[in-house]
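Enquirer: Prediction below, plus the sequence it came from.
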Amino acid sequence: MADPLGPAHRSVRVGPRRRTLILVWLGAIGFFGVLLGVTQAAEGPLDDPDPAFQRPGLLDIGALPKPAPAIDGLDFEGRRTVVFFELPGRVAELCGVLDGEAFARDVQSVIIVSNPATCTEIPVLVSAHLADRFGMRQPRSGGAPVGYAVVDEDGMIRYRTLDPAITSLIDEVATILGALS
């Protein structure tokens with residue numbers, strides 16, 4: 001006897017193989033959803049709005065190297081230089097990290113802040129506009145960039161990135177400087 005409601009009324013049975021596949025896909029979606037939520041929660045106001053630019057790498061290749069801007073009293077020619085961009089309240093911590101860093105003996109370091117701050121061994125320049133001249137990106141907060149630019153012996157900017165955790169990731173700067181040798 002024919003089904004009075006037609007073929008669309010018949011119930012669909014899902015076999016054990018298909019059920020397993022569906023559960024695997026739902027599990028993967030859930031896992032990656034949680035992972036996405038965790039990464040978005042970890043983003044801070046000093047991070048780059050586009051996480052792909054947060055670390056130096058392939059995305060900078062098209063724009064770099066480019067000449068470093070002239071800064072009164074600072075000569076980039078003939079010596080590798082790391083130009084740090086930092087917030088005034090965090091300069092003391094950065095200076096403490098740089099005092100113990102091996103590359104600091106062979107590399108010129110400069111810290112640029114948007115408001116006055118001091119450091120004993122490293123020049124600290126106050127400028128709200130030098131970050132723009134180095135091509136530093138604006139952080140999520142819209143405030144002054146926190147990160148660094150690496151300038152080679154020829155006065156060319158080779159790397160630049162926002163890095164709000166520079167004091168704990170100073171070894172990355174040492175790696176970049178080693179690659180320039």
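Expert: Happy to help now that I have it. Numbers count the residues shown, from 1 in each chain.

Enquirer: Please, where are all the strands along this structure?
Expert: Counting by DSSP state E, the chain has these strands, from start to end: 66-67, 81-85, 108-113, 124-126, 147-151, 156-162.

Enquirer: just these: most buried one?
Expert: Of the strands of the chain, the one with the most neighbours on average (mean count of other Cβ atoms under 10 Å) is strand 147-151, at a mean of 26. Heads up, the C-betas are built off the backbone N, CA and C, glycines and all.

Enquirer: and that strand, what does it pack onto?
Expert: Packing partners of strand 147-151 (3 or more Cβ pairs under 8 Å, 6 or more residues apart in numbering; DSSP states H and E): strand 81-85, strand 156-162, helix 170-180.

Enquirer: cutoff 10 Å now
Expert: Contact analysis of strand 147-151 by 3 or more Cβ pairs under 10 Å, 6 or more residues apart in numbering; DSSP states H and E lists strand 81-85, strand 108-113, helix 130-133, strand 156-162, helix 170-180 as its packing neighbours.

Enquirer: rank those by pLDDT, which is bottom?
Expert: Per-stretch mean pLDDT for the helices and strands packed on strand 147-151 is lowest at strand 108-113 (a mean of 83).

Enquirer: Please tell me how far R140 sits from P49.
Expert: For R140, the distance to P49 (Cβ to Cβ, to the nearest Å) stands at 5 Å.

Enquirer: Kindly report the same for Q108.
Expert: Noted for Q108: a distance of 30 Å to P49, by Cβ to Cβ.

Enquirer: what's the closest of the helices and strands packed on strand 147-151 to Q54?
Expert: strand 156-162 (6.1 Å; Cβ to Cβ).

Enquirer: Listing partners with orientation, what would you give for that closest one?
Expert: Paired strands of strand 156-162, with direction, are strand 66-67 (antiparallel), strand 147-151 (antiparallel) (DSSP bridges).

Enquirer: okay, the angle between it and helix 170-180?
Expert: 160 degrees (axes from the mean of the first three to the mean of the last three Cα atoms, to 10 degrees).

Enquirer: how much does strand 156-162 deviate in direction from strand 81-85?
Expert: Going by the same axes, to 10 degrees, strand 156-162 makes 30 degrees with strand 81-85.

Enquirer: where does strand 156-162 sit relative to the chain's centre, distance-wise?
Expert: 11 Å (Cα atoms, centre = their mean, to the nearest Å).

Enquirer: Then stretch 114-125?
Expert: A distance of 23 Å separates the centroid of the chain from that of stretch 114-125, by Cα atoms, centre = their mean.

Enquirer: What of stretch 145-152?
Expert: 11 Å.

Enquirer: Enumerate every residue touching the residue nearest in space to the middle of the chain.
Expert: Geometric centre of the chain, nearest residue: Q54, 2.2 Å, by Cα atoms, centre = their mean. Listed by Cβ atoms under 10 Å, 6 or more residues apart in numbering, the contact set of Q54 reads 43, 47-48, 137, 139, 147, 161-164.
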